[in-house]
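> give me the fold of what follows.
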Amino acid sequence: MCHGVLAQAKPATGEGSKTNSGKSNNYRSQARLINACGKGDLEAVKAEIKKGAKVEARYSEGRTPIFYAVKSRNIDLVKYLVDECDAKIDVVDSENITLLHIAAQVGSKSIVSFLIEK
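So this is what the prediction gives:
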């Protein structure tokens, strides 16, 4: 499960350590996680989670990574985040938009069905 990996994973230079640009490694990993979710790139998502990126971290508009995964329309990625990483599906962003709203908006019947079944 993802949480087991998260509990063991530590950035190579230490939690929150700074790089030459002044941004922490954790920040960079989180940014890469969001980018990978938005692209629907399951393998990149797995890699960033293994490095310690958190699936419940909030980003712009109060969205967690699964919001971006739903928007990408990749059902396998959404299932991975929910079933393997325990990503919460009953979340709302700062505008009270839910994952179901986004799935319907992008026209992903498979994700709509998955979210309703959960």
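
> which positions within the strand or helix carrying residue 49 qualify as buried?
Per DSSP states H and E: residue 49 is located in helix 42-50. Residues of helix 42-50 classed as buried: 42, 44-46, 48-49 (neighbour count, 16 or more other C-beta atoms under 10 Å). Bear in mind the C-beta positions are built from the backbone N, C-alpha and C, glycine included.

> cool, and stretch 96-104?
Buried, per 16+ other C-beta under 10 Å, within stretch 96-104: 97-99, 101-103.

> same question, stretch 26-44
Per 16+ other C-beta under 10 Å, stretch 26-44 contains these buried residues: 26, 28-30, 32-34, 36-37, 40-42, 44.

> widest-spaced pair of the residues you listed?
With distances taken as C-beta to C-beta, the most widely separated pair in the buried residues of stretch 26-44 is 26 and 40, at 23.1 Å.

> any idea how far the helix holding residue 49 is from the chain center?
From the chain centre to the centre of helix 42-50 is a distance of 9 Å (C-alpha atoms, centre = their mean, to the nearest Å).

> and for stretch 69-79?
10 Å.

> check contacts around residue 102.
67, 70-71 (C-beta atoms under 8 Å, 6 or more residues apart in numbering).

> distance of it from residue 27?
Residue 102 sits 25 Å away from residue 27, going by C-beta to C-beta, to the nearest Å.

> now the helix holding residue 49: mean pLDDT?
Averaged across helix 42-50, the pLDDT comes to 97.

> again, but for stretch 81-88
Here the average pLDDT along stretch 81-88 is 97.

> before we move on, what about stretch 58-71?
So the average pLDDT for stretch 58-71 ends up being 94.

> same thing with stretch 96-112?
Stretch 96-112 comes out at a mean pLDDT of 98.

> start the count at 19 instead of 1 going forward.
OK, 19 is where the count begins now, so the last one is stretch 114-130.

> distance between the ends of it?
In stretch 114-130, first residue to last residue: 17 Å (C-alpha to C-alpha, to the nearest Å).

> distance of residue 65 relative to residue 125?
28 Å.

> now residue 106
Going from residue 106 to residue 125 by C-beta to C-beta gives 23 Å.
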